[in-house]
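Asks: Okay, sequence plus prediction incoming.
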Amino acid sequence: VQLVESGGGWVQSGGSLRLSCVASESIRSLSGMGWYRQSQPHVERELVAAVSSGGSTYYRDTVKGRFTISRDNAKSAMYMEMNSLKPEDTAMYYCAAGNYFKLMIANVDHWGQGLQVTVSA
């Protein structure tokens, strides 16, 4: 499965962005999809949010109430709406897919190439 992300870019603090991840084939068999981010090349990627095939969601504490993750199996796509963005949200964001529970511990079957999100103060 190839994952292609779009929607990154530059935004001022308090602004919004919508990230999209489209898969090259059906995502129905993928129990988990999510977004990881990496603020610096030498820093470990952290899970930002995840969504299961059943609709369960996970958010890290620092984005709760600001980010919303969703998936559309019919379109083989996943989205993340990011509101009230802060400079500390600046990072490379990676689409991830695989088993939901494994994905939660960074055991990911499929990664996207990543895209940059930059939030200026």
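Replies: Received the coordinates, thanks.

Asks: Pick out the residue nearest the middle of this protein.
Replies: W35 (2.1 Å; Cα atoms, centre = their mean).

Asks: For that residue, which residues are in contact?
Replies: By Cβ atoms under 8 Å, 6 or more residues apart in numbering, the contact set of W35 is 19, 21, 47-50, 69, 78, 80, 93-96. Using the backbone N, CA and C atoms, a C-beta is placed for each residue, glycine as well.

Asks: If we use 10 Å, what do you get?
Replies: 5, 19, 21, 46-51, 63, 67, 69, 78-80, 82, 93-96, 112 (Cβ atoms under 10 Å, 6 or more residues apart in numbering).

Asks: For it, which three-state class applies?
Replies: strand (DSSP: H, G, I helix; E, B strand; the rest coil).

Asks: What segments of the protein are helices?
Replies: 100-103 (DSSP state H).

Asks: can you map out the strands along it?
Replies: Counting by DSSP state E, one finds strands in the chain at the ranges 3-6, 9-12, 17-23, 32-38, 46-52, 57-59, 67-72, 77-82, 91-98, 110-111, 115-120.

Asks: For those, give me JSON lines that also has distance to M104 and mean pLDDT.
Replies: Listed next are the strands of the chain as JSON lines, based on distance: least, Cβ to Cβ, whole Å; pLDDT from 0 to 100:
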{"stretch": "strand 3-6", "distance to M104": "17", "mean pLDDT": "97"}
{"stretch": "strand 9-12", "distance to M104": "28", "mean pLDDT": "98"}
{"stretch": "strand 17-23", "distance to M104": "17", "mean pLDDT": "98"}
{"stretch": "strand 32-38", "distance to M104": "7", "mean pLDDT": "97"}
{"stretch": "strand 46-52", "distance to M104": "6", "mean pLDDT": "97"}
{"stretch": "strand 57-59", "distance to M104": "7", "mean pLDDT": "97"}
{"stretch": "strand 67-72", "distance to M104": "13", "mean pLDDT": "97"}
{"stretch": "strand 77-82", "distance to M104": "15", "mean pLDDT": "98"}
{"stretch": "strand 91-98", "distance to M104": "10", "mean pLDDT": "98"}
{"stretch": "strand 110-111", "distance to M104": "15", "mean pLDDT": "96"}
{"stretch": "strand 115-120", "distance to M104": "22", "mean pLDDT": "98"}
